[in-house]
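> Pasting a predicted model and its sequence here:
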Protein chains: 2
Amino acid sequence: MVRLKEYVAPILTVDSVIFQLAGDTLSVLLIQRANAPFKGSWALPGGYNAAGETTHDAMKRILLAKGGVKTAGLKLVEQLYTFDTIARDPRGHAVSVTYMGLGKDIVPEAGKNTENPQFFPIDNLPKLAYDHADIIRYAHERLQNKVTYTNAVFALLDEFFTLTELQMAYEAILCRPLDKRNFRKKFLSLDLIHATSEMRREGAHRPARLYTFNKQELDALSRSFD
Amino acid sequence: MVRLKEYVAPILTVDSVIFQLAGDTLSVLLIQRANAPFKGSWALPGGYNAAGETTHDAMKRILLAKGGVKTAGLKLVEQLYTFDTIARDPRGHAVSVTYMGLGKDIVPEAGKNTENPQFFPIDNLPKLAYDHADIIRYAHERLQNKVTYTNAVFALLDEFFTLTELQMAYEAILCRPLDKRNFRKKFLSLDLIHATSEMRREGAHRPARLYTFNKQELDALSRSFD
DNA sequence: ACAAAAGTGTTAAGAATACACCCATGT
DNA sequence: ACATGGGTGTATTCTTAACACTTTTGT
C-alpha cells in the first residue's frame, strides 16, 4: 500500500475534442502547439489540471485559453475516457481525462494565449501530436454510437432545422448515405422532433419546413436509430 | 495558463467495481474500510494512484492488496468513468478513475492488507462510503448496455455453460425475466456460441447441453440483443 | 409415477429496407 | 420552361413478441 507521506500524484491533464458541422462535414477543433513538446504540431486543445480544479473546470479554462472557445457556446459536453499510456510530459507519466463537446457555428476567438485554433474536417486531419489521432477516433466512434441511441444531434444543429439538414448531419457523423424516405419516416416516428409552422426559403426550389427538437437536452431514444 | 513551476497535481485514486454471479444474482465486491475517512464503512476497493504507475496497474495492485482478488482471475476489465466531484481526501480535491471487472468463481483471499472483502448482491448493498453507490449504479448500467450489444456475458460464465445458465445471467444483469424460447432462438442466431457434445447432468431431470463462446474476448454483436 | 428442469415451433405484429416520382420555388 | 432541392407511399423481408406442451432424467 502506498504510504501517504510518500505519495506523489501523476500529472493530470485534460484534452477536448470539439466537434461541429462545417457545411456537410464533421470537423474538429485543433490548435497548433506553442510550446514543447511537439511545438508547432497540431493537437487537441489540452493542458494541465491543477489541484483544486475539477476536470470539467480545467477543460473549460483550457479550451478558452488555448482554443478561444467558450464552453457555454457548446450544446453538449461529455466525458469520454481517461488515457494514461502516454508520456505526455518529460517529467514522466501523465494521465489525460478527455472530453467531447458539440456545438454549432463555433468561431474560435484569438486571444493572448490562443494557439491558432482551427476546425479541420475529420476526414482530412493534419498529422497530430501525442496519441491525439487515437483520441479523435475514439470520440468519433462515441459520437456515432451516441446519435444512434440518443437525440445528441441536436447539439450539432440550430434550434430550427430542415429534415435535409438533419439527414446531412447523420450522414456526416456516420460517414455513409441514408435513404431519404426511410430516414424521415423513422426519425419522425421517434417523437424527438416536431414540425414548426415556419418554412425556410433559399435558392430556386421549394421551401423547406423547419423542425425543432422537443428537448434541447440529451434524451434516450425509444428504439435505436438506424 | 498554469505555470509549470506552480503546478500541483490533484490526488489521483482508482476504484474498482468487480461483478460476479452468485447463484442467480449479480454481486459486487466490497471492502470494509480500515482507515479514515469512512473507517469501518463498506466501500469499493480503491486507493491512491502514485506517479509512475498507470491507472490500470494501480487498479491491479489495490484490488489485490485491499480486496484479495487477482486481476488475472477476471475475464474482462474495462475503464468506466472518471469521477472528480468527490472530496475523497481531507487534503483536498481528488479525481477517481473507475474500472469494472467481470469474473466467475472469484474468491477473495485474506492477506496482510485485505479489508474484509466480501461479495454483496447488487439489490442488497449495505450503506456505502463516498459516492460509491453512484459508481456501482453507473457500472451496472454500463454492464446492462454492454451485454446487449456485445458478448460480454462470457466473462461472468464458465467456459462451458447451459443455455439456462446463460439466460439466468442475462436476467440477473437486466433485472427482468426473459422468454425462454425467444431467448434461445435469438441468442443462437447471433453466432456467438456453439453447442459442444457434452451434457451436464445434475438433479432429477433431463441433462442440459453445454455450450461455449466462440471467442473468450469481447466481440460486438451483429444486431443488438433484446 | 412423479417431480424437476430441458428442450422445442408457430403465428401475428412491428420494423427495416428498397425503390421513383411529383411539388414548389427562383431565375 | 427549366433547374433545384423538398416532399411523399408501397411492397417485401426480417425481427420481435406472445404463448404451452413434450422430453429426459433421478428418486
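Sure, I can see it.
> Residue B:15 versus residue A:14, what's the distance?
Using Cβ to Cβ, to the nearest Å, residue A:14 is found at 20 Å from residue B:15. In this view, the C-beta of every residue, glycine as well, is placed from N, C-alpha and C.
> Same question for residue A:99.
Residue A:99 is 20 Å from residue B:15, by Cβ to Cβ.
> What of residue A:167?
With Cβ to Cβ as the criterion, residue A:167 and residue B:15 are 42 Å apart.
> Also residue A:38?
For residue A:38, the distance to residue B:15 - Cβ to Cβ - is 32 Å.
> Quick check, pLDDT for the residue of chain A found nearest DNA strand D.
Of all residues in chain A, residue A:205 sits closest to DNA strand D, at 2.5 Å by Cβ to the nearest atom of the strand. Residue A:205 carries a pLDDT value of 98.
> chain center to the top strand by length along chain A: distance?
The longest strand of chain A (DSSP state E) is strand A:11-22. How far strand A:11-22 lies from its chain's middle: 7 Å, per Cα atoms, centre = their mean, to the nearest Å.
> Next, the angle strand B:11-22 makes with it.
80 degrees (axes from the mean of the first three to the mean of the last three Cα atoms, to 10 degrees).
> Just confirm yes or no for strand A:11-22 near chain B.
Yes - for strand A:11-22 and chain B, the contact criterion (Cβ under 8 Å from any Cβ of the partner chain) is met by A:11, A:12.
> so is the residue in chain A that chain B sits nearest to in a helix, a strand, or just coil?
Chain A approaches chain B most closely through residue A:9 (4.0 Å), counting by Cβ to the nearest Cβ. When classified by DSSP: H, G, I helix; E, B strand; the rest coil, residue A:9 comes out as coil.
> Distance of it relative to residue B:36?
For residue A:9, the distance to residue B:36 - Cβ to Cβ - is 20 Å.
> between those two, who's got more neighbours?
More crowded of residue A:9 and residue B:36, by other Cβ atoms under 10 Å in any protein chain shown: residue A:9, with 19 against 8.
> got a list of what that one touches?
B:9, B:10, B:11, B:12, B:49, B:50, B:51 (Cβ atoms under 8 Å, 6 or more residues apart in numbering or on different chains).
> Run through the residues that contact residue A:60.
residue A:71.
> swap that for residue A:80, sorry
Residue A:80 sits next to A:17, A:98, A:99, A:100, A:135, A:138, A:139, A:142 when contact means Cβ under 8 Å, 6+ apart.
> just these now: which is nearest residue A:75?
Set against residue A:75, the nearest of these by Cβ to Cβ is residue A:100 (11.9 Å).
> how much space between that closest one and residue A:13?
16 Å.
> Ok, residue A:199 next?
Residue A:199 is 47 Å from residue A:13, by Cβ to Cβ.
> do residue A:198 as well
Look at residue A:198 and residue A:13: by Cβ to Cβ, they are 45 Å apart.
> Over to residue A:153?
29 Å.
> tell me what the helix or strand following the longest strand of chain A is packed against?
Reading on from strand A:11-22 to the C-terminus, the next helix or strand found by DSSP states H and E is strand A:25-32. Contacts defined by 3 or more Cβ pairs under 8 Å, 6 or more residues apart in numbering or on different chains; DSSP states H and E place strand A:25-32 against strand A:11-22, strand A:42-43, helix A:55-67, strand A:118-121, helix A:132-149, helix A:163-174.
> The same query, at a cut-off of 10 Å, please.
strand A:11-22, strand A:42-43, helix A:55-67, strand A:94-103, strand A:118-121, helix A:132-149, helix A:163-174 (3 or more Cβ pairs under 10 Å, 6 or more residues apart in numbering or on different chains; DSSP states H and E).
> and the fourth one, is it in reach of chain B?
Okay, so that is strand A:94-103. Yes - using Cβ under 10 Å from any Cβ of the partner chain, we find that strand A:94-103 touches chain B at A:94, A:95, A:97, A:98.
> So among those residues, where is pLDDT lowest?
Among those, residue A:94 has the weakest pLDDT, 89.
> what about residue A:198 and residue A:13, which has more around it?
Remark: of residue A:198 and residue A:13, residue A:13 carries more neighbours, 24 against 12, as counted by other Cβ under 10 Å.
> Hmm, residue A:45 and that one touching each other?
No - counting by Cβ atoms under 10 Å, residue A:13 does not reach residue A:45; the two are 11.0 Å apart.
> Name the residues contacting each of the two.
Counting by Cβ atoms under 10 Å, 6 or more residues apart in numbering or on different chains, the contacts common to residue A:13 and residue A:45 are residue A:62.
> What is the nearest of the residues of strand A:94-103 next to chain B to DNA strand C?
residue A:98 (30.9 Å).
> Could you find the closest non-adjacent residue to the closest one?
residue A:80 (4.3 Å; Cβ to Cβ, 6 or more residues apart in numbering or on different chains).
> Now that neighbour: which helix or strand?
Judged by DSSP H and E, residue A:80 forms part of strand A:74-83.
> Without its sequence neighbours, what residue ends up closest to the residue of chain A closest to chain B?
residue B:9 (4.0 Å).
> Quick check: the one you found vs residue B:79, distance?
Distance from residue B:9 to residue B:79, by Cβ to Cβ: 19 Å.
> and if you look at residue A:192?
30 Å.
> More neighbours: the two, which one.
Ranked by neighbour count (other Cβ under 10 Å), residue A:192 and residue B:79 place residue A:192 first, with 20 against 17.
> mind listing what the more buried one touches?
Contacts of residue A:192 (Cβ under 10 Å, 6+ apart): A:150-151, A:153-154, A:166, A:211, A:213-215, A:219, A:221-222, A:225.
> Roughly how far does residue A:91 sit from residue A:131?
For residue A:91 relative to residue A:131 (Cβ to Cβ), the value is 18 Å.
> So between these two, which is more surrounded?
Neighbour totals were compared for residue A:91 and residue A:131, and residue A:131 leads with 16 against 12 (other Cβ under 10 Å).
> Can you report how many residues lie near residue A:126?
13.
> if I read this right, it contacts residue A:41, doesn't it?
Yes - when contacts are counted by Cβ under 10 Å, residue A:126 is listed as touching residue A:41 (8.2 Å).
> thought residue A:156 was touching residue A:147?
Yes - using Cβ under 10 Å, residue A:156 is in contact with residue A:147, at 8.7 Å.
> domain assignment for chain A?
Here the domain parsing of chain A from automatic domain parsing is A:10-148, A:152-213.
> Count the neighbours of the closest residue to residue A:128 other than its chain neighbours for me.
In space, residue A:128 comes closest to residue A:42 once its chain neighbours are excluded; the distance is 5.6 Å by Cβ to Cβ, 6+ apart. By other Cβ under 10 Å, the residues close to residue A:42 number 19.
> Please give me every residue in contact with residue A:42.
A:30-33, A:115-116, A:118, A:120, A:125-129, A:132.
> Name the residues of stretch A:97-112 that come out as buried.
Across stretch A:97-112, burial judged by 16 or more other Cβ atoms under 10 Å in any protein chain shown covers A:97, A:98, A:99, A:100, A:101, A:102, A:103, A:104, A:106, A:108.
> Thanks a lot, catch you later.
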